[in-house]
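*Asks:* Sequence and computational prediction follow.
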Amino acid sequence: MATLNDDTADATKVTLSDQAFKIQLPTLVLGATCTKDGQTIYASCVDGVYRVNTDDKSHEKLYSHDSYASGAVYSEQHNLLITAGYDGNLIWYDLAKKEIIRKIPAHNFWSWKMAISSNHLMIASVSGQYLAGDFDYRPKPADEPTVKVYDTQTGQCLHAFDHLPSVQSVAFSHDGKHLAAGNLMGGIRVWDLETGELAADWTDEGFTSWGIIKSHCYIGGIYGLDFTRDNTDVLATGFGPMRDPMAGNGKQLWQRWRWNQDVPEKVAEKQQGSGLMESIQMHTSEEFFVMAGRLRDGDANISLFSTATNERIAHAKVGFRITEAIFPHENAKLIVVGGSGQPRNADGNFPNWGHIHIYELTF
Amino acid sequence: MHRRLFLQGSMAASTASVASFNGLFSIPALAEQVQQKQKKVILLWLCGAPSQFETWDPKPGTSTGGPFGAIQTKLPGVMLGEMMPKTASLLDKTAIIRSMSTGPEAHFQGIDCLTRGDTPRPPFTRPILGSVIAEQLGQLDSPVPQFVLLDPCPEGNEFKSFKAGNWAGWLGAEYAPVRGGKGYSIQNTALPDSLNELAHHDREQLRRFLSRKFLNETRNESAKGYNTVFNRVKGLMSAADLFDLDRLPEKERLRYGPGAFGQHTLMARNLIENGSTFVMVANGMPWDCHVLNHEIYQMLVPELDNVFYQLVTDLEDRGMLEDTLVIAMGEFGRTPWLNAARGRDHYPKAWSMIMAGGGIKGGVVHGATDELGIAVKDGKVNNRNLFATFFSVLGIDPHEQYNLPGLPTFHRVEDNAAPIEEVLS
């Protein structure tokens, strides 16, 4: 799919390669991680966890969760792959021994997303089942903590935080001192990981929809989070309000919040096209970030924005739903993963519907 | 009063002009029998079309099964979606049909077909199930509406269009539903301060006298319709409390859960208990999850599980289950495969529904789909078979033939379609 580099007044010059390097997997990829050079990708898919070699496009299924695998983080220093699933479990996989070394039932419901701290000492997983809490279907508070932080090496639970279900996104600050989590109602909480105290708590209802048409319930929420590299701001993405959430036609939306002050302040917001955006990631250069997801309408489902001006500086349109976008640490690439619709096959044999696209970045 | 038994009773007692229950049945035993056998219906209308995979026909661990698992039920070897543990505990009282295969693929046509029992056949309009039941089994002169639709959602796309249509068809407006629910709350049912009961009664007597006189002279259909509306309003004024959720016991409200669907289902039970014959509970079209199917079903299915369980056990505890048919279904099922928006699309080819009470045989699972839920492999039935089953269970002739002026010959259920025998006691 061709990419376009936006002609803006912004000084940040980033270009995406016209063509992506494409790899297919048997089923939808819900979460992924990669080695520093981006040569090996670990993909959490509907039917299990895969190791993908980008050199020859080969893939190997490592193991399965009891439901969809939904998240993956990789620690090179510990040679560990840790994955989360809709079974609520976290699985530690020793890449050298090629075996599962730990399995922790972290939640009574799905793990929606997971993250690893930049020093690889902590992982976080977020959960929470949306259940009717009142006549108009505001969410009921959870019976268990919905945000959990674990020691990467020992598996010890370091923190268990409360946040109204469903909690759908999580990110560590880049200095590892704070953790942010976003939920269905557009609520973001930030905790201090040294004290365990709640450091910030705000809600922007622009991320959620109440179904005026068809369904009187809430749909949407915050699906992707990251901190700016200086940790002053939190970036959040999802999709904007819809009159008919069943149409999935909310605006592609991101917001930037200056969180570490008495009252968190929204310092920037952008909307474009429509479709659920599921991932927002800062590039290690600090110069730009990517928002990616599903394209329902518009010219892009991958968009790069300047950190300095918040202007879009490049974009691309791919024909599948992107669930995660990754910048490998030591390579000028952008990896996007996800899947198309599950192909129909009356014989019960479904063709591949998981996708990985890799773009070269020039900046 | 049970309409058909009214006619039978009137023949026996030759007192057809007497409209009160006690007055009509001079033989106490007959009155008791009628009260015992009067059947009623609560339809939990799962509008938008629920996925069979997350509810009544799970396929755990398969490529189409989705992320949720399955659980063992009270029936050995029969599984339900994992979010339905309460319903799983009472499958000895239910009949699940896992082999529904119907035609319409779009909502409006699907709703039309699965509430009326058949696809359109102009020029006549087939009444929906509630209208038929109100006409066949309803109580004459009851102040309580015989057919009630509870739905808090005044919008709802195709369901909104359907709601604006002709519900009662050839039966006439008096068998159309009275609507309640948040978006259709029933207003102005109390007398204004300036009017006392006596004055209101006098005005009503005058209106009735003048209306009757006008009708006798003109045979005007509009005037007849106005009279129906006046009678309905009068009934609603006396039955208004039944539509007030705040008057229901807090303990019961808590059991049914906080959402509008649960609260309205409790209201439905209360209406049935107090004289309504058919109550349809809808909640907009929440089951139409082309987007984020599993993310929305995490909430919808547990709510349905609790509401269905509370209703069935509640009716049983009150001795009403044997005479009250509970139906939970939508207009079709949903695709085995996921679309790119995490949704499941429309799928009428192979889907499921559940019913309980009303005299059906419990512990039944009729029909089956193949390993991936793509096709019906056993016991295929359609909308006609389903409606023939409903009518048979309720003691109504499913194949009654009608030859009405200006209309083609038609039957309550066309094509002599057979009921699902397995479900009949």
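*Replies:* Cool, the structure landed.
*Asks:* what does the stretch 301-425 of chain B put close to chain A?
*Replies:* With C-beta under 8 Å from any C-beta of the partner chain as the criterion, the stretch 301-425 of chain B meets chain A at residues B:302-303, B:337-343, B:371-372, B:374-375. From N, CA and C alone the C-beta is placed, and that goes for glycine too.
*Asks:* Let's see that with 7 Å instead.
*Replies:* B:Pro302, B:Glu303, B:Trp337, B:Leu338, B:Asn339, B:Ala340, B:Ala341, B:Glu371, B:Leu372, B:Ile374 (C-beta under 7 Å from any C-beta of the partner chain).
*Asks:* Which two among those residues are spaced furthest apart?
*Replies:* Spanning the widest gap among these are B:Glu303 and B:Glu371, at 29.0 Å by C-beta to C-beta.
*Asks:* So which of those two has more stuff around it?
*Replies:* Set side by side, B:Glu303 and B:Glu371 show more neighbours around B:Glu303, with 24 against 11, by other C-beta atoms under 10 Å in any protein chain shown.
*Asks:* Kindly indicate whether that one is helix, strand or coil.
*Replies:* Following DSSP: H, G, I helix; E, B strand; the rest coil, B:Glu303 is assigned to helix.
*Asks:* hang on, it packs against A:Tyr130?
*Replies:* No. Contact criterion C-beta atoms under 7 Å: B:Glu303 and A:Tyr130 do not qualify, at 10.5 Å.
*Asks:* Can you give me the separation between B:Leu129 and chain A?
*Replies:* Remark: distance between B:Leu129 and chain A (C-beta to the nearest C-beta, to the nearest Å) = 22 Å.
*Asks:* can you pull the contacts of that residue?
*Replies:* Neighbouring residues of B:Leu129 by C-beta atoms under 7 Å, 6 or more residues apart in numbering or on different chains: B:Leu43, B:Thr115, B:Gly117, B:Phe390.
*Asks:* Nearest to chain A, out of these: which one, please.
*Replies:* B:Thr115 (17.2 Å; C-beta to the nearest C-beta).
*Asks:* where does that closest one land in three-state SS?
*Replies:* Taking three-state DSSP, the label given to B:Thr115 is helix.
*Asks:* can you check B:Lys377 too?
*Replies:* strand.
*Asks:* and the gap between it and B:Trp337?
*Replies:* Counting by C-beta to C-beta, to the nearest Å, the gap from B:Lys377 to B:Trp337 is 18 Å.
*Asks:* Who has more neighbours out of the two?
*Replies:* Set B:Lys377 next to B:Trp337 and count neighbours by other C-beta under 10 Å: B:Trp337 wins out with 19 against 14.
*Asks:* any low-confidence regions in chain B?
*Replies:* Residue ranges of chain B with pLDDT under 70: B:1-37, B:156-157, B:182-191, B:219-238.
*Asks:* got the buried residues for stretch A:58-78?
*Replies:* Neighbour counts over stretch A:58-78 (16 or more other C-beta atoms under 10 Å in any protein chain shown) mark A:59, A:62-65, A:67-75, A:78 as buried.
*Asks:* contacting residues for A:Gly250?
*Replies:* A:Ser209, A:Gly220, A:Phe239, A:Gly240, A:Pro241, A:Met242, A:Ser274 are the contacts of A:Gly250 under C-beta under 7 Å, 6+ apart.
*Asks:* for B:Asn306, same thing?
*Replies:* B:Lys86, B:Gly257, B:Gly262.
*Asks:* show me the contacts for A:Ser64.
*Replies:* By C-beta under 7 Å, 6+ apart, the contact set of A:Ser64 is A:Asp47, A:Gly48.
*Asks:* Pretty sure B:Trp337 sits against A:Gln342.
*Replies:* Yes. Contact between B:Trp337 and A:Gln342 holds when scored by C-beta under 7 Å: they sit 3.8 Å apart.
*Asks:* domains for chain B, by residue range?
*Replies:* B:38-185+B:256-423, B:188-243 (automatic domain parsing).
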